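Engineer: Here is a sequence with its predicted model. Questions after.
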Amino acid sequence: MIQLFHPLLTLIATASDSLLARYVLYLKKENQILRDRIPGEIHTKPHERRQLLKYGQPLGTAINELITIVTPGTFYRWVREEKRGRKEKQIGRPGKSAVLWELVLKIARETGFGYTRILGELRKLGISRICRQTVKNIVKEAGIEPSPKRSTGTWDQFLKTHAETLWACDFFTKRAVTRRGLVDLYVLVFMHLETREVLATASTRNPDSAWVTEQTKAFVNHVADQDEKPTYLIHDRDTKFSAEFKQYLKNEGIQPKRLPIRSPNLNARVERFVQTIKYEALNLSSHSVNVISIISFRNLLATTTNNERTVRENICRPVVPSRRRNSRRSGSMRSTARNISEG
């Protein structure tokens, strides 16, 4: 059977006056025990005050014996304020303007700055009546994560996101024999990170910034006909990557990305290719292990890159099941490579 009334209401409705007095006395003692276990004052909220006034005013002066949550004087003050229609005071300082609120959120979303840097940008705009805690409260209330979680992601995520239009470059050297003695030959390598396509420049003995810029122009001309144009080029902090080199890339719509100090792991794909071509192609030739001639070096470089292009094209083809095991290919490069120019 559905219970229509609370047991306490049923008990009060069927009790006499003497029983009601004992019920009230018991409830007061129970309320007093609960009140004693709550430390400090109890601060009522506006809707709680309205409930107390609604059920307390009809009791008249009997409220003096019943009320325990506040003093009777406080209760009567509430009654007077309600009759006068006094507006409730807002707790705390007034909030910031909507314009400032939107400005803080705009800086946070578009720049990914932390609370302190957002405050610094506001100071640059001449806005001084705001503190770091206010900036933090605005950003958190809007549901925006702290700065580390609002960043563009890890370096690995950056590489995966821009792999289609991301290229990387680096140098490698090889000692060669000439009529005047031993010389070091320098080669600049460009690699497309998605397809592992490698473009190797002609070798030189004096790789200055002008030579690097010239080879970069040849690289840009070579990839100009591709569907996905390069948008980023990763390079290390070598001084040969000069301001002229960077400005030329920017003019061509390519953003240069300089790596931090001593961080070859951030350019690991090109570093791996350089290691492979040096130790698995050049040093394992029929020539001397450490020293070769200039002509041999250029021929080996061209042959190796062409062979790797064929290997890469075969790897990209659909896999056809075979009964016999495929022979292990020599070398570990997985790059489609070719020379920009024959040197």
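Structural biologist: Thanks, I have it.

Engineer: quick one: Ile254 from Leu182, how far?
Structural biologist: Counting by Cβ to Cβ, to the nearest Å, the gap between Ile254 and Leu182 amounts to 36 Å. C-beta here means a position set from N, CA and C on the backbone, and glycine is covered the same way.

Engineer: what's the distance between the nearest residue to Arg35 once chain neighbours are set aside and Leu119?
Structural biologist: Sequence neighbours aside, Thr68 is the residue nearest to Arg35 in space, at 5.6 Å (criterion: Cβ to Cβ, 6 or more residues apart in numbering). Using Cβ to Cβ, Thr68 is found at 47 Å from Leu119.

Engineer: Which one's more surrounded, these two?
Structural biologist: When Thr68 and Leu119 are compared for neighbours, Leu119 comes out ahead with 20 against 12, by other Cβ atoms under 10 Å.

Engineer: List the contacts of the more buried one.
Structural biologist: Applying Cβ atoms under 8 Å, 6 or more residues apart in numbering, one finds that Leu119 lies in contact with 130-132, 135.

Engineer: So it: helix, strand or coil?
Structural biologist: Leu119 falls in the helix class when you classify it by DSSP: H, G, I helix; E, B strand; the rest coil.

Engineer: what do you get for the one 3 residues further on?
Structural biologist: Classification of Leu122 using three-state DSSP returns helix.

Engineer: That one contacts Val104, correct?
Structural biologist: Yes: using Cβ atoms under 8 Å, Leu122 is in contact with Val104, at 7.3 Å.

Engineer: out of these two, which sits in the more crowded spot?
Structural biologist: Residue environment comparison for Leu122 versus Val104 gives the larger neighbour count to Val104, 26 against 19, counting by other Cβ under 10 Å.

Engineer: residue ranges of the strands in the stretch 51-200 of the chain, please?
Structural biologist: Here the stretch 51-200 of the chain has its strands, by DSSP state E, counting those that start in this stretch, at 166-178, 181-192, 197-200.

Engineer: So for Gly73, which of those strands sits nearest?
Structural biologist: For these, proximity to Gly73 was assessed by Cβ to Cβ; strand 166-178 is nearest, at 74.8 Å.

Engineer: other SSEs contacting that closest one?
Structural biologist: Applying 3 or more Cβ pairs under 8 Å, 6 or more residues apart in numbering; DSSP states H and E, one finds that strand 166-178 makes contact with strand 181-192, strand 232-235, helix 268-276, strand 292-293, helix 294-316.

Engineer: ranking those by mean pLDDT, which is last?
Structural biologist: If you rank the helices and strands packed on strand 166-178 by mean pLDDT, strand 292-293 sits at the bottom with a mean of 50.

Engineer: where does the stretch 51-200 of the chain have low pLDDT?
Structural biologist: Across the stretch 51-200 of the chain, residues meeting the criterion (pLDDT under 70) sit at 86-95, 147-153.

Engineer: sorry, back to before: residues shared between the contacts of Leu122 and Val104?
Structural biologist: In contact with both Leu122 and Val104: Val135, using Cβ under 8 Å, 6+ apart.

Engineer: quick one, what contacts Asn267?
Structural biologist: Counting by Cβ under 8 Å, 6+ apart, Asn267 makes contact with 168, 170, 234, 236, 259.

Engineer: so which of those residues comes closest to Val223?
Structural biologist: Within the set of the contacts of Asn267, Ala168 lies nearest Val223; the separation is 13.3 Å, counting by Cβ to Cβ.

Engineer: And for the residue lying closest to that closest one once chain neighbours are set aside, the neighbour number?
Structural biologist: The spatial neighbour of Ala168 that comes closest, neighbours along the chain excluded (Cβ to Cβ, 6+ apart), is Ile234 at 4.0 Å. Other residues within reach of Ile234, judged by other Cβ under 10 Å, total 22.

Engineer: Bridge partners for Ile234, pull those for me.
Structural biologist: Here Ile234 sits in beta bridges with Ala168, Lys257, as judged by DSSP bridges.

Engineer: Top of the contacts of Asn267 by number of neighbours, please.
Structural biologist: The member of these surrounded by the most neighbours (other Cβ under 10 Å) is Ala168, with 24 neighbours in all.

Engineer: isn't that residue right up against Val270?
Structural biologist: Yes: here Ala168 reaches Val270: they are 4.7 Å apart, a contact under Cβ under 8 Å.

Engineer: Now list whatever residues contact both of these two.
Structural biologist: A shared contact of Ala168 and Val270, defined by Cβ under 8 Å, 6+ apart, is any residue touching both; here these are 191, 234.

Engineer: quick one: contacts for the spatially closest residue to Lys136 that is not a sequence neighbour?
Structural biologist: Taking Cβ to Cβ, 6+ apart, and ignoring the residues beside it in sequence, Lys136 has Tyr115 as its nearest neighbour in space, at 4.8 Å. With contact set as Cβ under 8 Å, 6+ apart, Tyr115 has these partners: 132, 135-136, 139, 147.

Engineer: cutoff 10 Å now
Structural biologist: Going by Cβ atoms under 10 Å, 6 or more residues apart in numbering, Tyr115 touches 104, 108, 131-140, 146-147.
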